[in-house]
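Peer 1: when you get a sec, could you give me coordinates for this:
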Amino acid sequence: MTCDAPGAMRSARHCTMAGLRPALVRALRALRALRALRALRALRPLPAALVALGVLGAQGALCALGALGALGAQPAQAAEAARKPRGASASATTRAQASSTYRGHDAARAFAAEVAERHQLPRGWVQRQLDAARRQESVRRLIMPPPAGTAKNWTAYLGRFVEPSRVAAGAAFWQAHAQALGEAEARWGVPAELVVGIIGVETFYGRFTGIHRVIDALATLSFDFPPGRKDRSAFFRGELEEFLLWCRRERVDCTQVKGSYAGAMGLPQFMPGSLNRHALDFDGDGRVDLQRSAADAIGSVANYMARHGWQRGMPTHFAVKAPVDTADRAALLGPDILPSFSGAQFSERGAVLDADGAAHGGALALIELQNGDAAPSYVAGTQNFYALTRYNWSAYYAMAVISLGQAVRSARSGAPARGVDTRAAPGAGAQSGS
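Peer 2: Modelled structure (predicted):
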């Protein structure tokens with residue numbers, strides 16, 4: 001049989017018909033023999049059964065079964081039918097297949113009615129979208145936090161993003177879209193390197209925008225949020241509603257939109273609510289497209305940052321040596337990433353800012369980045385650092401964005417990366433667990 005190996009794995013369409021007919025004959029004969037021996041149930045999957053009989057090679061079995069599926073029954077369905085007792089109806093299989101969707105789900109039906117009434121949408125249309133959604137166990141697993149006791153490690157986290165291939169991709173992205181980046185910076189005051197850093201951390205400049213159907217992810221987290229962590233189903237129901245509104249307005253097929261396991265979409269990974277509120281048509285083509293238009297993604301990210309408190313010309317952070325005294329350090333860490341202290345208050349608590357930080361007139365936050373068993377790193381975050389965490393509520397995320405943007409800028413200029421001074425205060429690491 002003439003098949004290319006990758007094609008055999010995907011579909012029988014890649015097999016030549018000249019080689020396929022003999023294979024089908026052999027496959028059918030083998031199936032008759034199996035049925036006669038009443039051994040069909042014990043030999044699964046079917047390709048393995050055919051290979052075991054020596055009738056077909058591995059690729060030939062795949063091609064033959066793919067062709068059988070094209071003639072009216074998919075391999076998985078054929079195997080399921082073979083496992084049924086003789087005379088069993090197809091209704092049990094139909095019910096099993098339907099159970100993974102939200103068709104007939106009470107909470108989904110009530111939600112559809114509420115959304116339709118609230119936004120004057122056709123109830124039948126809303127219901128059909130939810131009927132097509134499927135519960136995804138992978139989404140329920142991925143939304144869970146890491147196991148308790150998992151140590152955070154800033155150095156390891158940073159290494160996932162600031163590495164040669166991503167930096168090179170960022171430099172290419174910046175080169176290709178320099179005009180849009182420049183226009184966004186001029187309009188909103190958000191530096192090009194920050195926008196480049198966000199898109200690079202989020203999706204590797206569009207390489208990884210998500211493999212999950214957004215309707216599945218949002219429905220699963222709305223109606224089947226997993227136990228074991230704080231219930232955020234109300235948030236995801238809001239995002240599911242926003243997604244339905246967006247699909248209706250943009251005339252998009254809800255079942256065809258792919259994104260992250262949490263329902264984020266496009267180059268900048270906007271949640272549906274953010275897409276509706278902050279996304280822009282920055283390339284002027286009359287539509288917002290965060291999946292294929294880098295210009296729309298760039299403008300939308302800058303607009304998002306500006307609406308979340310970004311201040312033109314303000315640094316994101318300053319170098320700092322954290323207080324050695326445990327109580328002073330704990331006091332400065334208390335508000336977490338929210339800027340709450342003046343430079344003078346930092347000094348009073350024993351924190352040593354660099355010259356620019358000491359001269360900064362705004363509020364600061366002491367940001368701690370843990371390094372596993374090693375001493376933690378620290379920076380003094382400004383209001384712009386806090387604004388960046390509105391994109392993703394994590395100091396580690398914000399510092400990764402900043403660091404990647406700086407590395408890409410340095411790569412474009414040919415200069416060594418400036419790096420980020422996050423050195424721990426002398427002695428702080430020994431007391432960090434106190």
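
Peer 1: wait, is residue 261 part of a helix?
Peer 2: No: looking at residue 261 with DSSP: H, G, I helix; E, B strand; the rest coil, it is coil, so not inside a helix.

Peer 1: which parts of the stretch 201-350 of the chain are strands?
Peer 2: Along the stretch 201-350 of the chain, counting by DSSP state E, counting those that start in this stretch, strands occupy 212-213, 258-259, 317-321.

Peer 1: for the last one, name the packing helices and strands.
Peer 2: So that's strand 317-321. strand 352-353, helix 355-359, strand 374-381 (3 or more Cβ pairs under 8 Å, 6 or more residues apart in numbering; DSSP states H and E). Where C-beta positions appear, they are placed from N, C-alpha and C, glycine not excepted.

Peer 1: helix or strand right after the last one?
Peer 2: Put plainly, it is strand 374-381. Next helix or strand after strand 374-381 toward the C-terminus (DSSP states H and E): helix 383-389.

Peer 1: and the average pLDDT for that following helix is what?
Peer 2: For helix 383-389, the mean pLDDT works out to 98.

Peer 1: now stretch 207-218
Peer 2: Rounded mean pLDDT across stretch 207-218 is 97.

Peer 1: can you give me the buried ones in it?
Peer 2: For stretch 207-218, burial by neighbour count (16 or more other Cβ atoms under 10 Å) applies to 209, 210, 212, 213, 214, 215, 216, 217, 218.

Peer 1: likewise for stretch 248-255?
Peer 2: For stretch 248-255, by 16+ other Cβ under 10 Å, it's 248, 254.

Peer 1: so what touches stretch 276-284?
Peer 2: Contact with stretch 276-284 is made by 180, 183-184, 242, 245-246, 270, 287-288, 290, 293, 295-296, 298-300, 303-304, 307, as judged by Cβ atoms under 8 Å, 6 or more residues apart in numbering.

Peer 1: out of these, which are inside helices?
Peer 2: Of the positions in the contacts of stretch 276-284, 180, 183-184, 242, 245-246, 295-296, 298-300, 303-304, 307 sit in helices, assigned by DSSP state H.

Peer 1: show me where the stretch 51-200 of the chain has its helices.
Peer 2: 58-70, 75-83, 91-98, 106-119, 123-131, 137-142, 154-161, 164-176, 178-188, 192-203 (DSSP state H, counting those that start in this stretch).

Peer 1: about what we covered before: are any of the contacts of stretch 276-284 buried, and which?
Peer 2: Buried, going by 16+ other Cβ under 10 Å: 180, 183-184, 242, 245-246, 270, 288, 290, 293, 295-296, 298-300, 303-304, out of these.

Peer 1: which regions of this structure sit below the pLDDT cut-off?
Peer 2: By pLDDT under 70, the low-scoring segments of the chain are 1-99, 415-434.

Peer 1: now the most centrally placed residue in it: closest residue in space, sequence neighbours ignored.
Peer 2: The C-alpha lying nearest the average C-alpha coordinate of the chain belongs to residue 260 (Cα atoms, centre = their mean; 3.3 Å). Among residues not flanking residue 260 along the chain, residue 210 sits closest, at 4.2 Å (Cβ to Cβ, 6 or more residues apart in numbering).

Peer 1: kindly report the same for residue 258.
Peer 2: residue 210 (5.3 Å).

Peer 1: now do residue 409
Peer 2: residue 193 (4.6 Å).

Peer 1: what is the burial count for residue 154?
Peer 2: 20 (other Cβ atoms under 10 Å).

Peer 1: per the record, what domains does the protein have?
Peer 2: The chain breaks down into these domains under automatic domain parsing: 5-97, 137-143+152-307, 317-431.

Peer 1: before we move on, back to that, what sits against the residue nearest to the centre of the chain?
Peer 2: Here residue 260 is in contact with 209, 210, 212, 217, 269 (Cβ under 8 Å, 6+ apart).

Peer 1: quick one: those residues as CSV, columns for distance to residue 350 too.
Peer 2: Listed next are those as CSV, based on distance: Cβ to Cβ, whole Å:
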residue, distance to residue 350
209, 45
210, 45
212, 47
217, 46
269, 39
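
Peer 1: among these, which one sits closest to residue 176?
Peer 2: residue 209 (17.2 Å; Cβ to Cβ).

Peer 1: can you tell me how far the nearest residue to the closest one once chain neighbours are set aside is from residue 267?
Peer 2: The spatially closest residue to residue 209, leaving aside those adjacent along the chain, is residue 203, at 5.1 Å (Cβ to Cβ, 6+ apart). Using Cβ to Cβ, to the nearest Å, we find residue 203 at a distance of 5 Å from residue 267.

Peer 1: repeat for residue 402
Peer 2: Distance from residue 402 to residue 267, by Cβ to Cβ: 19 Å.

Peer 1: out of those two, which sits in the busier spot?
Peer 2: residue 267 (27 against 24).

Peer 1: just give me the neighbour total for the closest residue to residue 211 other than its chain neighbours.
Peer 2: The shortest distance from residue 211 to any non-neighbouring residue, by Cβ to Cβ, 6+ apart, is to residue 258 (6.1 Å). Residues within reach of residue 258, counting by other Cβ under 10 Å, total 15.

Peer 1: and the contacts of residue 260, which is closest to residue 126?
Peer 2: Closest to residue 126, out of all of the contacts of residue 260 and judged by Cβ to Cβ, is residue 217, at 17.6 Å.

Peer 1: now for residue 198: which residues touch it?
Peer 2: By Cβ under 8 Å, 6+ apart, the contact set of residue 198 is 268, 301, 391, 401, 405.

Peer 1: ditto for residue 187
Peer 2: residue 302.

Peer 1: how far away is residue 119 from residue 400?
Peer 2: 37 Å.

Peer 1: more neighbours: these two, which one.
Peer 2: Legend: neighbour count by other Cβ under 10 Å for residue 119 and residue 400, higher for residue 400 (24 against 12).
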